[in-house]
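S.K.: Return atomic coordinates for the entry below.
(one chain, ligands or ions: 1)
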Amino acid sequence: MPDAVAPLTLALSSAAPLTQASLEAVAELLLDHPGTLVLTGAGMSTDSGIPDYRGPDGQRRVTPMQHGEFVGSSAARQRYWARSFIGWQRFSHAEPNDCHRSVSALQARGVLGPVITQNVDGLHQAAGSRDVTELHGTLAEVLCLTCGTRTDRDLLQARMAEQNPGFEALASGEASDGSRVSSQIRPDGDIVLDDALVTAFHLPHCTTCGADTLKPDVVFFGGSVPRERVDACYALTDEAPALLVLGSSLAVMSGLRFVRHAAKRGIPVMAITRGPTRGDDLMTVRVDAPLRPSLRALVDHQA
Ligand SMILES: [Zn+2]
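M.R.: Next up is the predicted model:
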């Protein structure tokens, strides 16, 4: 930790004085609390081409897959896997952006500690972060809900390609009008796909038990995070000197509860994200600003 701290310059032309002051406050708190626990959300990955379900106003822009719907019907799973088959091509090629690299850099310097992420894209790890807990699971693994067998998502992708020859070309619009597949990819790897195409898709079955109950190992909306993972995150919060929320409006309880827990412990709670969060009344400092320049400023400040 450096003794002399360079003046913090926030590279935001539109930065309000309050935002500037708040970011400086975050920088000072981080200096005083090395190893600060990080909680990240969808705002981290938008620069990697993975959009947020919610806009800066916190309102949902698209309807995500619901847990009950997915486990309740083969038709819903067919729709999910058909879309996911196409979406995976792009999702799996997403790369970490400057936000992930900044977190990784601050972690390497000991400024930040473990990372709890609500994202399922693996980009923190790809950027070199360690001690990452994927609160909502990962899209890179697939779980059979009937027998519990785990499969690598890439292997399943290859199997779906085999069972659905030509589907990719058809879905990408190469076969006819070129407008059949939307370019809109969603945070869970889903995309928008024409209904007629969905019904033509062969739903993959489990190679162990034969059931059609394969599910990406992620927590869908309406699903619950495994208890032991929740406990592990509470334990991280118990040990944390401070908590920093990045790119999340804390709209779902799965993340908000750790903010509440941290506030109850009396440790500093900070957030940098666009728009309001559900934990605003619990924050020591909150910066309503774009993530990338804010994190960059913190990296420069802690250099
Ligand atoms: Zn199975």
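S.K.: Tell me the buried residues in stretch 234-241?
M.R.: Leu236, Thr237, Ala240 (16 or more other C-beta atoms under 10 Å). In short, each C-beta sits where N, CA and C put it, glycine included.
S.K.: any idea which of these is closest to His261?
M.R.: Closest approach to His261 among these (C-beta to C-beta): Thr237, at 4.9 Å.
S.K.: isn't that closest one right next to Gly113, touching?
M.R.: No: in this structure Thr237 lies outside contact range of Gly113 using C-beta atoms under 8 Å: 11.0 Å.
S.K.: Quickly list what's touching both of those two.
M.R.: Common contacts of Thr237 and Gly113 (C-beta atoms under 8 Å, 6 or more residues apart in numbering): Leu37.
S.K.: Next to the ion in this structure, residues from the stretch 1-150 of the chain, please.
M.R.: Counting by C-beta under 5 Å from the ion, the stretch 1-150 of the chain comes close to the ion at Cys144, Thr146, Cys147, Thr149.
S.K.: residues near the last one, how many?
M.R.: By the criterion of other C-beta atoms under 10 Å, Thr149 has 15 neighbours.
S.K.: With the first one instead?
M.R.: If you count neighbours by other C-beta under 10 Å, Cys144 ends up with 20.
S.K.: Okay, and the beta partners of it?
M.R.: Note on Cys144: beta-bridge partners by DSSP bridges are Leu214.
S.K.: Return the residues in contact with it.
M.R.: Per C-beta under 8 Å, 6+ apart, neighbours of Cys144: Arg150, Thr151, Cys206, Thr208, Cys209, Ala211, Thr213, Leu214, Lys215.
S.K.: out of the residues you listed, which one sits closest to Asp131?
M.R.: Out of the contacts of Cys144, the member with the shortest distance to Asp131 (by C-beta to C-beta) is Arg150, at 22.1 Å.
S.K.: wait, that closest one sits on Lys215?
M.R.: No: taking contacts as C-beta under 8 Å, Arg150 lies outside contact range of Lys215: 10.8 Å.
S.K.: Now for those two: what residues contact both?
M.R.: Val142, Leu143, Cys144.
S.K.: export those to JSON lines and tack on pLDDT?
M.R.: Below are these laid out as JSON lines (pLDDT from 0 to 100):
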{"residue": "Val142", "pLDDT": "97"}
{"residue": "Leu143", "pLDDT": "96"}
{"residue": "Cys144", "pLDDT": "98"}
